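In: Show me the folded form of this:
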Amino acid sequence: MANITASLVKELREKTGAGMMDCKRALGETGGNIQESIDWLRMKGLAAAAKKSGRVAAEGLVGLATSKHTGALVEINSETDFVARNEDFQNTVKTVAELALVNNGKIDQLLSAKIPDKGRDVSEEMTHLIATIGENISLRRTTSISINDGVVASYMHAASSPGLGRIGVIVGLESEGDSEKLEQFGHQLAMHIAAANPLSVSVNDLDVELVEKEKVVLAEQAKDSGKPDNIIEKMVEGRIRKYFEEIVLLNQTWVIDGESKVSNIIEGFEKEIDSKIKITEFARYSLGEGIEREDIDFADEVAETLNS
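Out: Below is the predicted model of the structure:
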């Protein structure tokens, strides 16, 4: 029987992203042959892919791709951040982000889009990765922004490589101004959006129901002060303005200087390039946001591994 060393297990895990015990078992089955172990894991994974697809996947990567007038975001999830460092996984996220540029933010279209030189569509590639890597992997969401004049700028926070990271932003700047300067300013604006996490471009873009609900909450809080109704009304108006400053892009404080309003920064840049700018829309993806994660008892997990 071949001597299965820790370095062999580590090498196989780095090549496939599979779990430690799966790698050890594969090496044992193949006499320590790395290539045969990769094939063994793929065959074993294909049989187990459906089972793994039900497990919680909240790690992975956000992918971003842009052309001059279009930008797209995708989020592809895995179960562990270890997989996010797998080269095959990273290449797939990059490819899917590029495909998203021409699929108008429609996830069904993107899942059926063919991956160049692989003979598989995106949905089939997800299954292939589950089989190869040994974790649940899924395309969670996608969106895109397109404009006629101007640029779609972008920013990726905590980037592991160009276009891949944990927080991705695209933002449309409609303008007839110098495109290079627009791109530079748009990058700064996208950085602000990544940091400040606004919900809308302007107050008018906010969900009316959300605003009304917030007004009710603020009014109830103000009533506890015991002040007259006319004073309470002014208190609510002041607090709702403060609320808008927190969640509306144009009303927020510019994170780069910590003083100016975003709307004033845009006005100043319009003078610099001698052209009006309209922020058409933006999209911000933060990896795993909104996914309910499993609470893992690591003591039990280790015990289970030792007993397997």
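In: just the strands in the stretch 151-300 of the chain please.
Out: 164-165, 167-174, 278-286 (DSSP state E, counting those that start in this stretch).
In: which residues sit against the shortest one?
Out: Among residues not part of strand 164-165, those counted as contacts by C-beta atoms under 8 Å, 6 or more residues apart in numbering are Leu61, Val62, Gly63, Leu64, Gln90, Val93, Lys94, Met156, His157, Ala158, Ala159, Leu287. Every C-beta, even on glycine, is put in place using the N, C-alpha and C of the backbone.
In: how about 6 Å then?
Out: The contact list for strand 164-165 (C-beta atoms under 6 Å, 6 or more residues apart in numbering) reads Leu61, Val62, Gly63, Gln90, Val93, Met156, His157, Ala158, Ala159.
In: Check what pLDDT the first one gets.
Out: This means Leu61. Leu61 carries a pLDDT value of 97.
In: cool, the fifth one as well?
Out: If you check Val93, the pLDDT there is 97.
In: Could you shift the numbering so residue one becomes 41, and keep it that way?
Out: OK, 41 is where the count begins now, so the last one is Val133.
In: any idea how far Gln228 is from Asn291?
Out: Applying C-beta to C-beta, to the nearest Å, the value for Asn291 to Gln228 is 18 Å.
In: neighbour-wise, which of the two wins?
Out: Asn291 (19 against 16; other C-beta atoms under 10 Å).
In: Phe284 is in contact with that one, correct?
Out: Yes - using C-beta atoms under 6 Å, Asn291 is in contact with Phe284, at 4.7 Å.
In: Just give the nearest non-adjacent residue to His109, would you?
Out: Nearest non-adjacent residue to His109, counting by C-beta to C-beta, 6 or more residues apart in numbering: Ile187, 5.5 Å away.
In: which phi and psi does the one you found have?
Out: With angles defined as degrees, to the nearest 10, Ile187 sits at phi -140, psi 160.
In: State the helix or strand in which the closest residue to Gly203 other than its chain neighbours lies.
Out: Leaving aside its sequence neighbours, Gly203 sits nearest to Leu104 (C-beta to C-beta, 6+ apart; 4.8 Å). Applying DSSP states H and E as the criterion places Leu104 in strand 99-106.
In: still on that earlier bit, okay, the strands of the stretch 191-340 of the chain, which one's buried deepest?
Out: Ranked by mean neighbour count, the strands of the stretch 191-340 of the chain are led by strand 207-214 with a mean of 25 (mean count of other C-beta atoms under 10 Å).
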